[in-house]
Structures are given as structure tokens and as C-alpha cells.
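Asker: task: produce atomic coordinates for the following.
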Amino acid sequence: MMRRTPFRRAATSTTPESEQERERRLMDKARRAMNSVVPRAANMGLGTTAAAPIPKSAPVRSEPYRRAVATLPCAICGVPGYSQAAHANQGKGMGMKACDLTCFPACGPRPGFQGCHAALDQGALFLKAVRRELEPVWAADTQRSLLAMGLVPASLIDSISTALQGATN
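Answerer: Presented below is the predicted three-dimensional model:
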């Protein structure tokens, strides 16, 4: 006889259990489990005040800006003509996309090459810590380039100027 596990099987009872006995056994087991539960404190802060919600700024959305970013050469390998607007992997979460001002150009797939955008998202190019250092630099370089070329949509010029001034201070 071939055994699938080195552990011995539990001894099984030879008498079949009635439905009532099984129900009683499961209820006793549930009661013992519930009696061992210790309730925890519900408040999160000191005293009785509830935690204050963290204000979140609304992310900037601009299709013209993303299209302008895609016209630049890849920020990672420098190849022109295949770029896509890649969002930084910061400031996003479940159901939230990162702000469009954090976009930088990353090349998409082309014949015989996966592309930097997909490789970056899959973690194949850089460690997460390195990527988190580089993405804001690439975004700021992209913003400077687009401002210099005059490709920034008029509605975003003030936002980008403010972001660039905050980055240099």
C-alpha cells in the first residue's frame, strides 16, 4: 500500500454519527471557540476620539498631457517612436490611478523586445527601492522637457510650474 503522507491517519469511529450528534458536536466546538475570543478596544487614538480622516488631493487627469508625454523618447532606454505614458507606481492604490503629472515616457513592445514600460511594471528592470527613487526624477525631467517644448496643455502649466518649484526647493 502506498502512503501519500508520512503522518498516520486519525482513528475513525466505526459507528456512524447521527445528524443530531454531529450537530451537537459542532455546536460545542463553536461555543468553545467563541468563549476563547477576547474583545479588543475599538478606538484607534488616545482617549475616546476617533482617528481623523487623511485628506487626499484629487489626482490630475489630462489626456492631452499623456499624449504629449508619449511623443517623447523613452526615459529609460532613449528609443524614440515607441513611447507610452507610464504612471509612477506611487500615490495609487485599489481603484486609484496615480496623478497624470507623475507620467514619464517608457517604450512599449516592439518586434523582438518587450519594452521598458512592461518590464518596469513587472519589476524586471530595477529593484522597487531604486524605481521609487528614479520615477520622480523621470517625471520632473518629462515636465521640464514638455514645458521647454511648449507641449504642456494650458490648463496644466500652473500645476507643473508649482510642482517643479516644489521639487527644486
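Asker: low-confidence ranges in the chain?
Answerer: 1-3, 9-15, 39-51, 54, 56, 91, 94-95, 167-169 (pLDDT under 70).
Asker: which residues in it form strands?
Answerer: Per DSSP state E, the chain carries strands over the ranges 83-86, 104-107.
Asker: what residues does the last one touch?
Answerer: Residues from elsewhere that reach strand 104-107, judged by Cβ atoms under 8 Å, 6 or more residues apart in numbering: 69-77, 79, 82-86, 88, 113, 115-117, 120, 135, 138-139, 141-142. Backbone N, C-alpha and C define where each C-beta goes, glycine included.
Asker: could I get the contacting residues of the closest residue to residue 99 other than its chain neighbours?
Answerer: Nearest non-adjacent residue to residue 99, counting by Cβ to Cβ, 6 or more residues apart in numbering: residue 59, 4.0 Å away. Contact analysis of residue 59 by Cβ under 8 Å, 6+ apart lists 91, 96-100.
Asker: ok, longest helix in the chain?
Answerer: In the chain, ranked by residue count with DSSP state H as the criterion, the top helix is helix 128-149.
Asker: tell me what that one is packed against?
Answerer: Applying 3 or more Cβ pairs under 8 Å, 6 or more residues apart in numbering; DSSP states H and E, one finds that helix 128-149 makes contact with helix 63-70, strand 104-107, helix 157-168.
Asker: out of those, deepest packed?
Answerer: Of all those, strand 104-107 carries the top mean neighbour count, a mean of 27, counting by mean count of other Cβ atoms under 10 Å.
Asker: direction included, what does it pair up with?
Answerer: Applying DSSP bridges to the sheet, strand 104-107 is found paired with strand 83-86 (antiparallel).
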